[in-house]
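Novice: No sequence on hand, only this structure:
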């Protein structure tokens, strides 16, 4: 299912000159980042348990399903519990994406922003979401490589 959705979102992105498509792609990409973030937190938990074992302490490895009721902002908070230079760029982009998406959804149907501004904001969000997805992919790949 996820591969079909990713493929369809990528195809939609090519049509983003149509306002509703641009808005849809931004919101769908944000949801995709949320999905990938749940899996990355799971992999980070596994990584820390495996590489820093303790005879007296153990951290519960949270599965992606345990985050189903978390908001995007709450997932961002969970990611901020991890530290490391490899995560700095991710956290920066996630913070910007969460703020932009929250602001975007709050103003989507309000009269405060016209359609042109929504399209501009959606375009910015798509760029940040794509950058975030690439960083998540790199982090996940590196963690899987270090595991083997």
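Specialist: Cool, got the structure. Source: prediction; values computed, not measured.

Novice: residues in contact with the most centrally placed residue in the chain?
Specialist: What sits nearest the mean C-alpha location of the chain, by CA atoms, centre = their mean, is residue 33, with 2.5 Å. By CB atoms under 8 Å, 6 or more residues apart in numbering, residue 33 lies in contact with 72, 94, 97, 129, 132, 133, 136. All C-beta spots, glycine's among them, are computed from the backbone N, C-alpha and C.

Novice: Any chance of the residues you listed in CSV with neighbour count, secondary structure and distance to residue 5 as columns?
Specialist: CSV is the format used below for those (neighbours: other CB atoms under 10 Å; DSSP: H, G, I helix; E, B strand; the rest coil; distance: CB to CB, whole Å):
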residue, neighbour count, secondary structure, distance to residue 5
72, 18, helix, 17
94, 24, helix, 20
97, 24, helix, 18
129, 26, helix, 14
132, 25, helix, 17
133, 17, helix, 13
136, 22, helix, 16
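
Novice: circling back: so which bits of the helix or strand harbouring the residue nearest to the centre of the chain are buried?
Specialist: Using DSSP states H and E, residue 33 sits in helix 19-51. The neighbour-count check on helix 19-51 (16 or more other CB atoms under 10 Å) flags 21-30, 32-38, 40-47 as buried.

Novice: again with stretch 91-101
Specialist: Within stretch 91-101, the residues that count as buried by 16+ other CB under 10 Å are 91, 93, 94, 97, 98, 100, 101.

Novice: In contact with the closest residue in space to the third one that isn't next to it in sequence, which residues are there?
Specialist: Translated: residue 94. Closest residue in space to residue 94, ignoring its immediate chain neighbours: residue 76 at 5.1 Å, by CB to CB, 6 or more residues apart in numbering. When contacts are counted by CB under 8 Å, 6+ apart, residue 76 touches 37, 91, 94, 95, 98.

Novice: farthest-separated two in the residues you listed?
Specialist: Taking CB to CB as the measure, the contacts of residue 76 span a maximum distance of 12.3 Å, between 37 and 95.

Novice: so where do the helices sit in the chain?
Specialist: Ranges of helices within the chain are 2-13, 19-51, 72-79, 85-107, 115-147, based on DSSP state H.

Novice: Any idea which of those helices gets closest to residue 58?
Specialist: The minimum distance between residue 58 and those falls on helix 19-51, with 6.6 Å, by CB to CB.

Novice: Thank you, goodbye.
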